[in-house]
Structure formats: C-alpha cells, structure tokens
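Asker: Prediction below, plus the sequence it came from.
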Amino acid sequence: MALCQDDFGKLVGRVAVLRMAFGCPDTVPQAADWVRLGALTTKAIDYSMNTISSDADDSKGLVENVVTNMDLTISGEGEWRKRAKVTEIGPVKMSKYIFTEVQAQRQPGLWVRFDFLGADEGTYIQGYFNATSWSSDFGSSDFATYSGEWKVADADSVTFVDGSDIPVASVTVTPATSTGAAASTVQLTANVLPADATDKTGVWTTSDATKATVSSTGLVTRVATGSATITFTTNDGAKTATSAITITA
C-alpha cells in the first residue's frame, strides 16, 4: 500500500543532516539559527567510547570491558562551491571563522546538530563543540573538497532528542494548598500532562526548609509555624507547579 504511515525501510546516508549555529555555549540556538554546513558528501558521528579491560580469571575466558567515558565526535566531508547558499555556512566562512578564533587565542567553538533522520523526524544530537580538524583538497582534475571534525567543548550543552519521545506540556500539584500543625505531614502529587509523556520525573523543592521540608516523593513535613511554597520541576522541559503550605501552632 502506498503512502503508509509507518515505513520500516532501510535508510541511506542522505537522510542525515549536519547543521551548525554560531553563538555561545550558554544560549541554545533558536530553530531559525540552524543552517547546513554545505554540500556534504559524508556525515558521521562517532561516540569513541573509552574502555578499561579486566583480565580477572572469573570471566570464563572472555575479556570484560567497562566504558569510562565518550570522546563524542561529529565529522563531515563536502565539496566546495564558488559561493555558499544563503541556507549554508559554507567552507569559506567556516575556514575564516576557525582561523580568526585560533589567531585571537580563542576556542573555535560553535553549536553542532546532527539530525539522524532528516528535518522532519525530530531525532538528533546537539551541543556546543570545538572544531578540532579542518582541511581542504584542491585537485587539478577533480572537485575541490573539504573535511572537518568537531568534538564536545561543553558537556552540559549536549543533548540527545528522540523524535518518538512525547514531551511534557504542563504540570500541576495537588493539593494546591494545605494547612496543618507542626510535625504533621501531607502527600503532594505531581500531575504531568500529557498523560503519556515519556519522562514524568522531576524534583521537589521547598522555599523555606525551616518551615516545611519535602522528600523526593513529594511528602511534606511541617516544621514550624509559618508558611512555605513547595515546587515540583519536571526534568523534561523544566515545567513547574507549586503548593502553598501553611503551618499552624
């Protein structure tokens, strides 16, 4: 049947897209800021996991390995055009940017985004990377080519977004208000929407621990006369909701 909603066919390299955006690591680019690098012939992502191996004699003859970290690397190769399109960075601008940053004794950093399934699927990895390799080849009887490599510059900026994930839209806390004497408790519940959101986890915090404390499960213990605000913040999307707690004598 044509135009099937679910396509389980094989993928080819053309579906991957390498995008970049100039900026600082503390500000995630807006959707309009991302542009393609250029006319690429290959795009690659390498987790480059570092491991240590165990030689203990309890492994039944199999060497056991432990992953310690990853040297995440994104790379690409492309062909020069006389002029880059307005929707591209292009090799000239990239070459100048890297040269200028290094000459000024700055890190040649920029935002890099690797779309695994093209523009519409929503599965990608992005973060703030440093350009760690850049070269061009101008053969006399072939297309002029360039290649680059980018490695993580700011680990906190790197995220992996799965297009099949359902994001959190909002959250509420019940009860929204609660009054009781010191030493009493009340169980708060975080209601995350939509109901089928992939990640419903979050963190409970209190505005004043001398008045009321809250556990990781939302159990509030009233401590002393006064009031406090208990906040739940979702891990996905940082959505927040509060409950006003009053403590009587």
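Answerer: Cool, got the structure.

Asker: Just the buried residues of stretch 65-75, please?
Answerer: For stretch 65-75, a neighbour-count test (16 or more other CB atoms under 10 Å) marks 72-75 as buried. C-beta coordinates here come from the backbone N, C-alpha and C atoms, glycine included.

Asker: actually stretch 30-45, sorry about that
Answerer: Buried residues in stretch 30-45, counted by 16+ other CB under 10 Å: 34-40, 43, 45.

Asker: Kindly report the same for stretch 18-29.
Answerer: Buried residues in stretch 18-29, counted by 16+ other CB under 10 Å: 18-21, 25, 29.

Asker: okay, those in JSON lines with distance to Ile89, pLDDT and secondary structure next?
Answerer: Putting those into JSON lines (distance: CB to CB, whole Å; pLDDT from 0 to 100; DSSP: H, G, I helix; E, B strand; the rest coil) gives the following:
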{"residue": "Leu18", "distance to Ile89": "10", "pLDDT": "93", "secondary structure": "strand"}
{"residue": "Arg19", "distance to Ile89": "9", "pLDDT": "94", "secondary structure": "strand"}
{"residue": "Met20", "distance to Ile89": "6", "pLDDT": "96", "secondary structure": "strand"}
{"residue": "Ala21", "distance to Ile89": "9", "pLDDT": "96", "secondary structure": "strand"}
{"residue": "Pro25", "distance to Ile89": "18", "pLDDT": "92", "secondary structure": "coil"}
{"residue": "Pro29", "distance to Ile89": "13", "pLDDT": "90", "secondary structure": "coil"}
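
Asker: Redo these as JSON lines? Include distance to Gly109.
Answerer: Shown next, in JSON lines, are the buried residues of stretch 18-29 (distance: CB to CB, whole Å):
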{"residue": "Leu18", "distance to Gly109": "16"}
{"residue": "Arg19", "distance to Gly109": "15"}
{"residue": "Met20", "distance to Gly109": "11"}
{"residue": "Ala21", "distance to Gly109": "11"}
{"residue": "Pro25", "distance to Gly109": "7"}
{"residue": "Pro29", "distance to Gly109": "13"}
